[in-house]
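missing the sequence, but the structure's below:
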DNA sequence: ATCACGTTTGAGACCCAGTATCAGTCGAGT
DNA sequence: ACTCGACTGATACTGGGTCTCAAACGTGAT
C-alpha cells in the first residue's frame, strides 16, 4: 500500500511557536490553550512544537513520520509525547484520526479546513481527496434519525483508478 | 472501546462443510471455489472451515476471535492460516475488511447481504448498523466523476449517542 | 489409482505501531 | 519563590499481523 507517498512532503519553513502570539497559527493555538486550560492540562513547549508541526501538514500524516520530522528539525521530542499530544489535539477538535489500513493510523487537520473524504485505488494505493456537501447533509440526517450528535465521520471509497484500469491484465494486481 | 461486545455472539449450530455440496452456504462456497481455481489456488479443509465460520457471523468479527472460535469448536487451524484465508475471502469478494480503530481490523460478510455502514458512539463504543441507498448512489456518482470503478466503501459516523448524552456531566467521557 | 509438482499448513520467530511505567522535570496559580 | 500536580523521555512491554521453512497435501495428468 502506497499511502505514505503523499504523507511526508517537504517541510515548509520551520517556525516553532513556543510564544504563540507571533505565529500565523494563532487562532488554532488559542483553541488548544483553551482546551488545555479547561482540562486542567498544561501548555508545554513540546505540545506547542507538535501543534505547529501538524499545522504545516497538508492532508494526511502519520505519528511516526511526524516524530521523525521533529527530530530532523532538531527538536528532541519522544515518540510517546507525540502520540499523547496527537490524542489531545484530537480531543480539542483540531485533528481527526483516520483509519485506512491495519498498519498504522493517520491524522489530518480539521480546524479551519474543509474536511476530506477519500477515494483509494486498491491497485496503486493512490489517494484522491474530495469533499461533498451532500455527504455531510446525509450524515447529519442519519444522525438526526438516530438521535446522535455527530462529531466526525470517515468516508472511504475503495476501487480501481482509471490509470490502474489502463495497466490491467498486464501488471498483476497484488 | 467496546466494539468487541457485539462481535463474538454465541455460535450457531456447528456445521462444517469440507464437502460443500451439502451445506446451506453452497452458493458462496461455489464463488470461493471458482475464485481459487482462477487463481490457481487450492481448496483445502482449512479454507472450507474458515469460510463456514465466517458465514455464521452476523455483522462484524475479528480474525483473532474467529481463530478462537474455531479452536473452541475443536478445529485445529493456525492463526496464520486464518489471516491468510480471510485475505483470500476478501479478494474473492465474499468479505470486506473494516477499519474502525488502530487496535485491530474487522471483517464482515458482504456476499449476498446488504452492506452496512456504522454509527459509533465515542463515549460508550456502541455500534449501530445502517444501510443507505442514497449513500450508495452518492458513492457511485463520485466514482463516476473520477473514473473509478468502485469495489467497496466504508462510512463511519462518530458521535454521541442519546444514551451517552443522558449520562453526560456525571460520567466523564474518556 | 498413482504420481509429481506446486501450493498450503502450522509452529514459532519476528516486526512494529502504540501504550504503560516511573523517576525526574517543569508549568502555572498563589 | 513555592508547591503541587501534570508532563516528559527512556525504555520495557503488548499484541495484532506477517514471515519462514520444512513437512503435508490437493489437483491435474498419466
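Looks like it arrived, so ask away. Note that the coordinates shown come from a computational prediction; the quantities given were computed from them, not determined experimentally.

Can you tell me how far the closest residue in space to residue A:91 that isn't next to it in sequence is from chain B?
Leaving aside its sequence neighbours, residue A:91 sits nearest to residue A:35 (Cβ to Cβ, 6 or more residues apart in numbering or on different chains; 7.0 Å). All C-beta atoms are positioned from the backbone trio N, CA, C, and that covers glycine. As for residue A:35, its distance to chain B is 14 Å (criterion: Cβ to the nearest Cβ, to the nearest Å).

Stretch A:48-64 vs DNA strand C: in contact?
Yes: contact of stretch A:48-64 with DNA strand C (Cβ under 7 Å from any atom of the strand) involves A:62-64.

Could you give me the buried positions within stretch A:78-95?
A:81-82, A:85-86, A:88-90, A:92, A:94-95 (16 or more other Cβ atoms under 10 Å in any protein chain shown).

Okay, and the beta partners of the residue nearest the centre of chain A?
Centroid check for chain A by Cα atoms, centre = their mean gives residue A:108 as the closest residue, at 1.3 Å. The partner list for residue A:108 in beta bridges (DSSP bridges) reads residue A:96.

May I have the predicted confidence score for it?
Per-residue pLDDT puts residue A:108 at 96.

again with residue A:2
32.

cool, and the one 5 residues further on?
Reported pLDDT at residue A:7 in the predicted model: 27.

got it, and residue A:116?
pLDDT, read off for residue A:116, is 86.

now for the longest strand seen in chain A, which elements pack on it?
For chain A, the strand with the greatest residue count under DSSP state E is strand A:149-160. On a contact count with 3 or more Cβ pairs under 8 Å, 6 or more residues apart in numbering or on different chains; DSSP states H and E, strand A:149-160 meets strand A:117-121, helix A:133-146, helix B:133-146, strand B:149-160.

what's next to the next helix or strand after that strand, contact-wise?
Following the chain from strand A:149-160 toward its C-terminal end, the next helix or strand by DSSP states H and E is helix A:162-166. Contact with helix A:162-166 is made by A:121, A:123-124, A:126, A:173, B:146-149, as judged by Cβ atoms under 8 Å, 6 or more residues apart in numbering or on different chains.

tell me which residues in stretch A:155-166 are buried?
A:155-161, A:164.

Please apply the same query to stretch A:54-69.
A:54-57, A:60-63, A:65-67, A:69.

tell me the average confidence for the helix or strand that contains residue A:28?
Element membership for residue A:28 (DSSP H and E) is helix A:26-38. If you average the pLDDT over helix A:26-38, you get 94.

can you tell if the helix or strand just after it touches DNA strand D?
Toward the C-terminus, helix A:26-38 is succeeded by helix A:45-55 as the next helix or strand (DSSP H and E). Yes: Helix A:45-55 reaches DNA strand D (Cβ under 7 Å from any atom of the strand) through A:46-47.

name the helices or strands packed onto helix A:45-55?
Helix A:45-55 makes packing contacts with helix A:26-38, helix A:63-72, helix A:79-91, strand A:106-109 when contacts are defined by 3+ Cβ pairs under 8 Å, 6+ apart.

Now with 6 Å, please.
helix A:79-91 (3 or more Cβ pairs under 6 Å, 6 or more residues apart in numbering or on different chains; DSSP states H and E).

so does the helix it packs on get close to DNA strand D?
Yes: Helix A:79-91 lies within reach of DNA strand D by Cβ under 7 Å from any atom of the strand, at A:79-81, A:84-85.
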